[in-house]
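Novice: return atomic coordinates for the entry below.
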Amino acid sequence: MNFNEELRDRVRYAEEMVIKNGVMQEDGYQKTVLSAMNYSLLSGGKRLRPVMMREANILFGDEHPCLAAFMTALELIHTYSLVHDDLPALDNDEYRRGKKTTHVIYGEDMAILTGDALLNMAYEVVTASFKLCNDDPILINRAIRALQVLTYKAGIYGMVGGQVYDVEAEDKDIELDEESILFIFRLKTGALIQSSLMIGAILGGAKVDEINIMEQVGESVGIAFQIKDDILDVTGNPKILGKPVGSDVKNHKTTYVTLKGLKTANNDVEAYSRDAIDQLNKLDKRNEFLEELIKFLIDRDR
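Specialist: Down below sits the predicted model:
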């Protein structure tokens, strides 16, 4: 298997699904926010979460008729979180993926509404796809269970909850320790990665214990992914990353790297990556590409 070629093919497919199901026609009185939604959604991005979802689905069974909708919905939710994360009230970033952030182009008020619209659209896309199940009770049940995971992992006990504590810790100048940093990582970053793997497994017909394993895989990948982000904020190339580096230091923010040092941080990325692969190997099924994708996520340079 040529991993890079396989990855390009899978990312291309995910991009096609996002464009097909997520891009809106820019007309009517809502034209400005529709334009901002499309701008945000199409401003690059690795599309690796929907790719992981599809691979998890394939690992456990045939592609579910609602799979493309869930892939799109996850990317819509991820995009909304980035739009809001870049706002002046939060990280106040001017660049994302090498382009001006949404609030810089469209204004802060429209960026807030854009995030709101992207989140709501995610659920519109998914629920509209239920008709593709053709009243098959098994397929409908899987889709409903997958939707429950999507809403939970994106909410207060998932991504939003991690963001809340991250913001609060910074505003109140709370001294973060390893436990609190890992809490933020598990929710802010790990929850959507868990969501991608769990939804793919559910749609593919995985058993409860197999879904639980995929959740554990996602947690380890999410933590490793975010530690790597902290490392890249120190060592990364801004031209490759598409955004400035050193923002955490500039904002006097406690990160995994400032807490434990670069060497330990790199070692912990490898440890969490190994744990993810070990968890995946507990299954009686194999997806070689998914294993390589997990390694790629950890070894990336952007």
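Novice: list the residues that contact Arg47.
Specialist: Residues touching Arg47, when contacts are defined by CB atoms under 8 Å, 6 or more residues apart in numbering, comprise 11, 14-15, 18, 75. (Each C-beta comes from the backbone N, C-alpha and C, glycine too.)
Novice: same check on Leu41?
Specialist: When contacts are counted by CB under 8 Å, 6+ apart, Leu41 touches 18, 22-23, 75-76, 79, 118.
Novice: hang on, the earlier thing: just among the contacts of Arg47, which is most surrounded?
Specialist: Counting neighbours by other CB atoms under 10 Å, the top entry in the contacts of Arg47 is Glu75, with 28 neighbours.
Novice: that one and Glu16, how far apart?
Specialist: Distance, Glu75 to Glu16, by CB to CB, to the nearest Å: 12 Å.
Novice: now for the one helix or strand Glu270 maps to, which elements pack on it?
Specialist: Glu270 is located in helix 262-280, with elements delineated by DSSP states H and E. Judged by 3 or more CB pairs under 8 Å, 6 or more residues apart in numbering; DSSP states H and E, the packing partners of helix 262-280 are helix 208-235, helix 256-260, helix 288-299.
Novice: which helix or strand contains the nearest residue to Gly158 once chain neighbours are set aside?
Specialist: Here the nearest residue to Gly158 in space, its sequence neighbours aside, is Ala191; by CB to CB, 6 or more residues apart in numbering that works out to 3.5 Å. Using DSSP H and E, Ala191 sits in helix 190-203.
Novice: tell me if I'm right that Val167 and Leu90 touch.
Specialist: Yes - under the criterion of CB atoms under 8 Å, Val167 is in contact with Leu90, at a separation of 6.4 Å.
Novice: enumerate every residue touching Thr79.
Specialist: When contacts are counted by CB under 8 Å, 6+ apart, Thr79 is found next to 40-41, 45, 118.
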